[in-house]
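# fold the following, please.
(4 chains)
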Protein chains: 2
Amino acid sequence: MLAGQVEPLSPRAKEIVAAARTLLEEEGPDALSMRRVADRLGIRAPSIYKHLPDKRALENAIVSDAFEEMAELFEQATAADDPVVAIADAYRRFAHAHPHLYRLMTERPLDRDRLTPGAEERAAAPVLRTTGDPDTARAVWAFAHGMTILELNGRFPPDADLDAAWRRGLDAFRQRP
Amino acid sequence: MLAGQVEPLSPRAKEIVAAARTLLEEEGPDALSMRRVADRLGIRAPSIYKHLPDKRALENAIVSDAFEEMAELFEQATAADDPVVAIADAYRRFAHAHPHLYRLMTERPLDRDRLTPGAEERAAAPVLRTTGDPDTARAVWAFAHGMTILELNGRFPPDADLDAAWRRGLDAFRQRP
DNA sequence: TTGACGTTGCTAACAGCGTTAGCCATAATA
DNA sequence: TATTATGGCTAACGCTGTTAGCAACGTCAA
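Next up, the predicted model:
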């Protein structure tokens, strides 16, 4: 319990986080500067520091929210006939709908001490539960993330059938009879 | 043929690229600034622009070299008993040996017009050849990248057995009898 | 030998970044 | 009414990539 307590955001801080998220989703990571966020709110950049300690805290708040939203989607998907596929599809759909947000969530180490406690675990739980064993859960997650981020980054050939590769991958992890 | 021709680097440019790569590998991406690179060579940052058009060109040169090195490793691995596993292992080993370099190679869209022509294809070819079909090749690559980058970014639990998850994933893509 | 020119360095500067220090007006509280 | 906390502000610092313009040097032609 050495981790510093993450205190809840004030209403004003939530407004700032909301503005930051909109900016990120609409204009991408370069637009997510303290000055641009402040602009959107009609204030100056240094004023943000009255509500949030630094830029990383702003990003962490966005990421925490996104984890909660993902967890919600995954929990709904567990009810499907093939829950692993349903969760994976929800994962990929989320990333396509929020590409800049998805990159922010995945492209670097999490500073877990400063995220909403439990959010990450809540998103991870359905995958672990539906695949059965942790090694498979991790392998499926790795495939889903790899596929998704390479796709977002335009790393596959333009004529590649990525839906087919996606199905091929998920099929590989299906229980063998 | 709309792509601008990539002209070969002058000897001095190659020195700059070498210094930049060392800096990146030793101190990480934040150290890879034009001023730090110049420092290493005993010159000033603006002088770099006499040899390379911009920072992106510097990064592209590093990435192009890395692709060639990867291709070399993959081509050696195709001789193994189980070439898919051997290539995948070489991939993961390369990333572990050069984490900052690996991130630079994968974390954003390539500007293919400005890379050494053919380097990317040369690295991709062995995977395609040994897996047989393109969908499987892409799925295996996605798994390998996903596993590797999540590992580098410390996204798995600290007690996770990542070697086991790695084997589990590769096993899933093995031809079924 | 001299003049021209390309090469390769330099300094100064610009706009943008995250962040800090310090000031001030307003609102809430003792 | 006096005090304190809140939430803005400006100015500034050191960092970033990059450009403009200048100066020294080597090469090569007339």
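# give the contact list for residue A:23.
Shown in contact with residue A:23 (C-beta atoms under 8 Å, 6 or more residues apart in numbering or on different chains): A:31-32, A:36-37, A:40. For the C-beta atoms, the positions are set from N, CA and C on the backbone; glycine is no exception.
# isn't residue A:91 right up against residue A:147?
No - under the criterion of C-beta atoms under 8 Å, residue A:91 is not in contact with residue A:147, lying 9.5 Å apart.
# sketch out the low-pLDDT regions of chain A for me.
Within chain A, the stretches with pLDDT under 70 are A:1-5, A:176-177.
# residues from it in reach of DNA strand D?
Chain A comes close to DNA strand D at residues A:10, A:12, A:38, A:42-44, A:46-47, A:50-51, as judged by C-beta under 7 Å from any atom of the strand.
# for those, give me CSV that also has neighbour count and secondary structure.
Listed next are the residues of chain A next to DNA strand D as CSV, based on neighbours: other C-beta atoms under 10 Å in any protein chain shown; DSSP: H, G, I helix; E, B strand; the rest coil:
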residue, neighbour count, secondary structure
A:10, 12, coil
A:12, 15, helix
A:38, 18, helix
A:42, 7, coil
A:43, 14, coil
A:44, 11, coil
A:46, 10, helix
A:47, 14, helix
A:50, 11, coil
A:51, 17, coil
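# near DNA strand C, which of the residues you listed show up?
Near DNA strand C, judged by C-beta under 7 Å from any atom of the strand, the entries from those are residue A:46.
# still on that earlier bit, so between residue A:91 and residue A:147, which is more surrounded?
Just comparing residue A:91 and residue A:147: by other C-beta atoms under 10 Å in any protein chain shown the higher neighbour count belongs to residue A:147, 28 against 23.
# leaving out the residues flanking it, which one is nearest to the more buried one?
Spatial nearest neighbour of residue A:147, excluding adjacent residues (C-beta to C-beta, 6 or more residues apart in numbering or on different chains): residue B:142 at 3.9 Å.
# can you tell me how far the one you found sits from DNA strand C?
Taking C-beta to the nearest atom of the strand, to the nearest Å as the measure, residue B:142 and DNA strand C are separated by 31 Å.
# give me the helices and strands touching the helix or strand where that residue lies, please.
Secondary structure assignment for residue B:142, by DSSP states H and E: helix B:134-152. When contacts are defined as 3 or more C-beta pairs under 8 Å, 6 or more residues apart in numbering or on different chains; DSSP states H and E, helix B:134-152 packs onto helix A:134-152, helix A:162-172, helix B:83-97, helix B:99-106, helix B:119-131, helix B:162-172.
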